[in-house]
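Colleague: My questions are about this predicted structure, shown below with the sequence.
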Amino acid sequence: MHTSATQVLRPIFFTLFLLASLAASAEPLQTQLGMQGDIEVDLVRVTINEAVLTTIFAYRNIGSEEAGIKYKVDSVYYLDKSEGKKYQVLADSQGQWIAAPVARGSIAVETGMGAYPVPIPVGGKKMVWFKFPAPPSTSTEIDVVLPDALPFEKVVLNR
């Protein structure tokens, strides 16, 4: 019996499409408004692995024109109110932020001429992530602060 490549690949592509659709439609943990009103920010995921807390955000353009995001990474942090501490984004041994997309110390894109806002087309979204030192295992929730959005308060930590 002869099987065409199409017959073999069709179920694989369907499965990949289905998984991508499910991932794209997953409910965010929280959504906050951007400060300029044309962007909403979804907190997509918070994980703790080996003493590192990772946050993933999706910036969505809900406006009628292209939008952009640009801000200094050193202005991003989370608060652990239970211990009264503020945690900044981690940097590697060369002093580079452990986050993306980063250009010249900002959430931005590098053009060779400088760092420019990450463009978000109308109806589009862009992902941004940060790595922080993890809070103590006794901490159950945090507040995450981005400079261009309302704070994400009482984010539950699942360990």
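Modeller: That came through fine. Numbers count the residues shown, from 1 in each chain.

Colleague: what stretches of the protein score poorly on pLDDT?
Modeller: Low-confidence segments of the chain, defined by pLDDT under 70: 1-25.

Colleague: can you give me the helices for it?
Modeller: Residue ranges of the helices in the chain, as given by DSSP state H, are 5-25.

Colleague: Quick one: residues contacting residue 98.
Modeller: Under the criterion of CB atoms under 8 Å, 6 or more residues apart in numbering, the neighbours of residue 98 are 89, 90, 91, 92, 130, 131. Where C-beta positions appear, they are placed from N, C-alpha and C, glycine not excepted.

Colleague: Tell me how far the last one lies from residue 37.
Modeller: To residue 37, residue 131 is 29 Å away according to CB to CB, to the nearest Å.

Colleague: out of the two, which sits in the busier spot?
Modeller: Neighbours were counted for residue 131 and for residue 37 using other CB atoms under 10 Å; residue 131 has more, 18 against 10.

Colleague: The closest residue to residue 37 other than its chain neighbours: what's it in contact with?
Modeller: If you skip the residues right next to it in sequence, residue 37 has residue 63 as its closest partner in space, 7.4 Å away by CB to CB, 6 or more residues apart in numbering. Contacts for residue 63 were tallied using CB under 8 Å, 6+ apart; they are 37, 38, 39, 122.

Colleague: ok, what's across the strand from the residue nearest to the last one when sequence neighbours are not counted?
Modeller: Same thing as residue 122. The shortest distance from residue 122 to any residue other than its chain neighbours is 5.7 Å, reached at residue 61 (CB to CB, 6+ apart). The residues listed as beta-bridge partners of residue 61 by DSSP bridges are residue 39.

Colleague: follow-up on the earlier one: let's see the PyMOL selection covering just the buried ones among the contacts of residue 98.
Modeller: For the buried members of the contacts of residue 98, the matching PyMOL selection, counting by 16 or more other CB atoms under 10 Å, is:
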select buried, resi 89+90+130+131
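
Colleague: okay if I get the contacts of residue 98 as JSON lines plus distance to residue 150?
Modeller: Rendered in JSON lines, the data for these read as follows (distance: CB to CB, whole Å):
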{"residue": "89", "distance to residue 150": "19"}
{"residue": "90", "distance to residue 150": "24"}
{"residue": "91", "distance to residue 150": "26"}
{"residue": "92", "distance to residue 150": "30"}
{"residue": "130", "distance to residue 150": "17"}
{"residue": "131", "distance to residue 150": "22"}
